[in-house]
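A.B. asks: How does the following fold in three dimensions:
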Amino acid sequence: MKTKKKIILDLNGLKKGGILKQRQKDYFILRTRIPGGYLKAEALGKFMQIAKKYGKGYVHLSTRQCVEIAWIHIKNIEKVKKELEKIGILTGACGPRSRNIVACPGSSVCRFGFSDTEKLAKKFDKKFFGKDVPKKFKIGLAGCPNSCAKPQENDLGFVAIGEPEYDLNICTGCTLCAEVCQQVCARGSREPAITMDKKKRPVYRKEFCLFEGDCIRVCPVNAWKIKRTGYTVFLGGKIGRFPMLGYKIAEFASEKDIFKIAAKTITYYNKIAEKGQRLGEAINKIGIEEVKKHIL
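C.D. replies: Okay, here's the model as predicted:
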């Protein structure tokens, strides 16, 4: 008489690898790893097949741009993983690890973007996904100050920005740059960065600039151009039960700089935080100025 082989699983190990226990006995949610939410069209068909074959015919799109398949029976976990690996899809992460990189569409398709966040998300994924940390660690990348990827709500967030400059020899005095700047800044009760003098020439005050580039896009004669681009860096943001926005610690950091910042942040987070403590909570105990000394 044959006896059923008992399956013994390390639930914590599975959780770290993106396999989450459901409330229903012997069933799991499989979380995938899709940096920036960029998924090839042919993969959608594979998700459909797997969800029908091993799940209940549906998938869940997570808030971190991943695809999750629910109702995977304990005996089918490895089968599903292998099927996904055939099309280059790996499982995600949960528990005390760095999570899937979130990113907006960026400059590859978005007219507001200063940075190709699709490529950047893949680079960050390769270097920083799945790192062990005291609690969880989330990275968000935004291609412009519209911040669609909500980088300020992540443990580490980067916003691509562009500093404008103008050529008075080209300027026709149409005032469009000042008008759009005033409209944008009024929404945040800010002083406008661009005003017009008596001769209808733009006066630019960098200290008030949002570096979002509307003045460049609206100029009909290309008198406004991008002087330089870079990244604003936010540290310690989170949502959860006790939400907080990240501290702004740098502006116009280069791409090389932000990879160094990310590596130092993860190392320092592991050094200063207690088990189960988010980065922002650890920062609040130590003080942001002290933390900046070690990260910047």
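A.B. asks: Point out where the protein drops to low pLDDT.
C.D. replies: Along the chain, segments meeting pLDDT under 70 span 1-9.
A.B. asks: Now do the contacts for the residue most central in space within the chain.
C.D. replies: Centroid-nearest residue in the chain, with CA atoms, centre = their mean: G140, separated by 1.6 Å. Going by CB atoms under 8 Å, 6 or more residues apart in numbering, G140 touches I101, V102, A103, A149, K150, P151, Q152, E153, N154, L156, G157, F158. Glycine gets a C-beta too; all of them are placed from N, C-alpha and C.
A.B. asks: And what about it, helix, strand or coil?
C.D. replies: Three-state call for G140 (DSSP: H, G, I helix; E, B strand; the rest coil): strand.
A.B. asks: do you know how far it is from A282?
C.D. replies: 19 Å (CB to CB, to the nearest Å).
A.B. asks: Can you select the buried ones from the contacts of G140 in PyMOL?
C.D. replies: In PyMOL syntax, the buried subset of those is picked out as below (16 or more other CB atoms under 10 Å):
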select buried, resi 101+102+103+149+150+151+152+153+154+156+157+158
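A.B. asks: For the contacts of G140, name the two members farthest from one another.
C.D. replies: The largest separation in the contacts of G140, counting by CB to CB, is between I101 and Q152 at 15.7 Å.
A.B. asks: Can you show me the strands along the stretch 151-296 of the chain?
C.D. replies: 156-166, 194-196, 202-204, 224-235, 247-253 (DSSP state E, counting those that start in this stretch).
A.B. asks: Indicate which one of those is closest to E83.
C.D. replies: Taking those one by one with CB to CB, strand 156-166 is closest: 32.7 Å.
A.B. asks: Can you name every helix or strand that the closest one contacts?
C.D. replies: When contacts are defined as 3 or more CB pairs under 8 Å, 6 or more residues apart in numbering; DSSP states H and E, strand 156-166 sits against strand 139-142, strand 202-204, helix 214-218, strand 224-235, strand 247-253, helix 255-272.
A.B. asks: tell me the angle the fourth one makes with strand 156-166.
C.D. replies: Between the axis of strand 224-235 and that of strand 156-166 there is an angle of 160 degrees, by axes from the mean of the first three to the mean of the last three CA atoms, to 10 degrees.
A.B. asks: which secondary structure elements does strand 224-235 contact?
C.D. replies: Going by 3+ CB pairs under 8 Å, 6+ apart, strand 224-235 lies up against strand 156-166, helix 214-218, strand 247-253, helix 255-272, helix 279-286, helix 288-295.
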